[in-house]
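Q: Sequence and computational prediction follow.
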Amino acid sequence: MPENERIPAPLIVEALKAAFRGQREAPATEGEPLGWVLSVPDTHQRSVIAELEGDNELRLLTCSTEDEANAIAAGLYIGGAEVALMIQHAGLYASVNTLRGVGLDGGVPLFALVGLLSREPELEPEDSPRSMVRFAGPLMDTFDVPHALLETRDDLGLIPEYYALSRERSGPAVVFVGRETA
Amino acid sequence: MRPEDALRAINEARGDALVVPTMTAVPAWRTIAPEAPSVACVGFMGGASSLGLGLALAQPERRVVVLDGDGSLLMQLGSLATVAGAAPANYTHVLFANGVYQTSGSQGIPASGSVDFAGMAEAAGYAFTTRIDTLEELRIRLPELLSVRGPVLVELAVEEAELTPMTAPGGDPLRVQVERLRERLASEE
């Protein structure tokens, strides 16, 4: 894929900030982060993770597992903070019980950017020969979790849209990152 | 040490701390501290330490006390490193170590009796760790454990609990607990 078609990481970071600002009832006070990003490192989003490491408004926390990230997100939400997860599809599969318990039973608005590593750009994810890619969307359908596919700059509005959707539904919402970010 | 006695001591010393109980601590805590600002971790296995971490990061001026189990912690043992990495100064992780998965029938945990949880927390990078074997010592040390710079892990050698979430189901659904505590914290700001 041509380099200029990949979404630059700063644009995704700005979209996350817009998502958080859209939900905050008051601006962040001095020393308070605008919001948190909980990451279990994902290959597709590695440039975004690198960008976040130098960001002054968002706080990046690396977690050992996606289960942890879901539960930490619940605690941050209860405590009044804005939070998003950045994980990989394999981690989505690995953390399904916590997604169910926290997001569905607990009604916690879990918003996640989920990288579809090894997804073939010329194919729709559901047509991928790779089970990890092909079943990610249907898995979310099984849990009635709304999801969308982020591929180009034109899709960046999906981030604040689905973040707001997770809050409105009091439950999970997922944006799959279909291509590696720049 | 009876876990119920330990929970009563913690309740008497907790001040305005936020509390995250899990598994066998849940039914007892519900009775002992019904008015405490709490949210229980049941159904997402081993999640208490992480749920408490999120609370501690969002409410840095407030002590957060996690009432964890040894079997539960083993399910998310990497959370020790995550907590240590986040380094919340207001985090006290109380580990009820009874050596068994009591809720599912008291099967022994792996390497029961030989796992050094306080040692693992220290190795992960917790700021303060200790093991306590008696209720008397717990009562004496609680003020320190709830105020010293965290993250703190205190491993309590306890007997099996009187009740489990299986023998004493009930309490509010998680969704209700989540919104109630969130609203309570928002109203206190």
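A: That came through fine. Numbering: from 1, shown residues only, chains lettered A, B, ... in the order given.

Q: Report pLDDT for B:V42.
A: If you check B:V42, the pLDDT there is 88.

Q: need the residues of chain A near chain B, please.
A: Residues of chain A lying close to chain B by C-beta under 8 Å from any C-beta of the partner chain are A:36, A:61-65, A:67-81, A:83, A:97-98, A:100-102, A:105-108, A:170. (Glycine included, C-beta is placed from N, CA and C.)

Q: Give me the buried subset of those residues.
A: Using 16 or more other C-beta atoms under 10 Å in any protein chain shown as the burial test, these include A:36, A:61-65, A:67-79, A:81, A:83, A:98, A:100-102, A:105-108, A:170 as buried.

Q: Which residue ranges of the chain form strands?
A: Looking at chain A here, since you left the chain open. All strands of chain A, identified by DSSP state E, fall at A:35-39, A:58-62, A:83-88, A:111-115, A:147-150, A:173-177.

Q: Can you look at chain B instead?
A: With DSSP E as the criterion, chain B has strands at B:18-21, B:64-69, B:91-97, B:100-101, B:107-108, B:128-132, B:152-157.

Q: Let me have stretch B:15-26 in CSV, keeping just the CA atoms, if that works.
A: The C-alpha trace of stretch B:15-26 is given here as CSV (Å, rounded to 0.1, in the frame of the first residue of the first chain):
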residue,chain,number,x,y,z
GLY,B,15,-11.8,6.1,56.2
ASP,B,16,-13.2,7.2,52.9
ALA,B,17,-11.3,4.7,50.8
LEU,B,18,-12.9,3.1,47.7
VAL,B,19,-13.1,-0.6,48.0
VAL,B,20,-13.0,-3.4,45.3
PRO,B,21,-13.8,-6.8,46.8
THR,B,22,-13.8,-10.0,44.8
MET,B,23,-15.0,-13.6,45.2
THR,B,24,-15.3,-14.7,48.9
ALA,B,25,-14.8,-11.2,50.2
VAL,B,26,-17.9,-10.1,48.3
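
Q: Let me know the average pLDDT across it.
A: For stretch B:15-26, the mean confidence score works out to 97.

Q: what distance separates that stretch from the middle of the whole chain?
A: 6 Å (C-alpha atoms, centre = their mean, to the nearest Å).

Q: In that stretch, which residues are buried?
A: Residues of stretch B:15-26 classed as buried by neighbour count (16+ other C-beta under 10 Å): B:17-26.

Q: and if you look at stretch B:37-57?
A: B:37-57.

Q: List the contacts of A:M140.
A: A:M140 is in contact with A:146-147, A:172, A:174, counting by C-beta atoms under 8 Å, 6 or more residues apart in numbering or on different chains.
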